[in-house]
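**Student:** Need a 3D model of the following:
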Amino acid sequence: MRKQKVLIIDDEQMITSTLVKLLNRSGYEAAAVNGGREAIEMASQEDFDLIISDIRMPEMDGIRTLVEIQAHLSKTGQSVPVIFITGYADDALEKQAKDLGCQDYIYKPFDLRFFLEKVKKAIG
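**Tutor:** Residues are numbered from 1 along each chain as shown. Presented below is the predicted three-dimensional model:
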C-alpha cells in the first residue's frame, strides 16, 4: 500500500524539518519546501494527498500559492485537501482560505498530537 504523501510549505526551516520528521515517523511520506514558487513546481510534478502551508511567507503568501496550485490541479481534474498553519490571527485571511476550500486552519504554536489529528481528519 502506498504511503499518503504530504507537502509542507513554510519559510521557517525548523517548522518544516519538525513536521517532516513527525509525518514520516507517523507513516506518511512528507516533503517540504520553503516557499510558494517551489511548492507550485513540486505540486505540478508530483501527486500529493495533502498540502500543509503557512499563510504568511515572503515573496508569495500561502493563499496565492494555493490559488496557483489549484489552477494547475484543475487542469488534471485533481483536488487536494489543504491545511493552513499561521502564527497570526487574521479573520480576513481565514475567510479567504475557507473560501478556497481549505480543510482546516491551525494557529502556531500547536501541539504535535493535535496537528496529527488534523492531518488524519483531512486525509483519513
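
**Student:** Show me how far the worst-scoring helix or strand of the chain on mean pLDDT is from its chain's centre.
**Tutor:** Lowest by mean pLDDT, DSSP states H and E among the helices and strands of the chain is helix 91-99, with a mean of 84. Centroid separation for helix 91-99 versus its chain: 15 Å, with C-alpha atoms, centre = their mean, to the nearest Å.

**Student:** helix, strand or coil for residue 32?
**Tutor:** Three-state call for residue 32 (DSSP: H, G, I helix; E, B strand; the rest coil): strand.

**Student:** what residue ranges in the chain score low on pLDDT?
**Tutor:** Counting by pLDDT under 70, the chain shows no low-confidence range.

**Student:** Tell me where it has helices.
**Tutor:** Using DSSP state H, the helices of the chain run over residues 13-25, 36-45, 62-76, 91-99, 112-123.

**Student:** picking up where we left off before, which residues touch the least confident helix or strand of the chain?
**Tutor:** 55, 62, 63, 66, 82, 84, 86, 105 (C-beta atoms under 8 Å, 6 or more residues apart in numbering). C-beta: built from backbone N, CA, C; applies to glycine.

**Student:** Pretty sure residue 59 sits against residue 35.
**Tutor:** Yes. Look at residue 59 against residue 35 with C-beta atoms under 8 Å: they come within range, at 5.8 Å.

**Student:** neighbour-wise, which of the two wins?
**Tutor:** The residue with more neighbours, out of residue 59 and residue 35, is residue 35; 16 against 10, by other C-beta atoms under 10 Å.

**Student:** quick one, what contacts that one?
**Tutor:** Counting by C-beta under 8 Å, 6+ apart, residue 35 has contacts 9, 11, 57, 58, 59, 60.

**Student:** got it, and residue 90?
**Tutor:** residue 55.

**Student:** re the thing from before, going by neighbour count, which of the contacts of residue 35 comes out on top?
**Tutor:** residue 9 (30 neighbours).

**Student:** List the beta-bridge partners for that one.
**Tutor:** On the basis of DSSP bridges, residue 9 is bridged to residue 33, residue 53.
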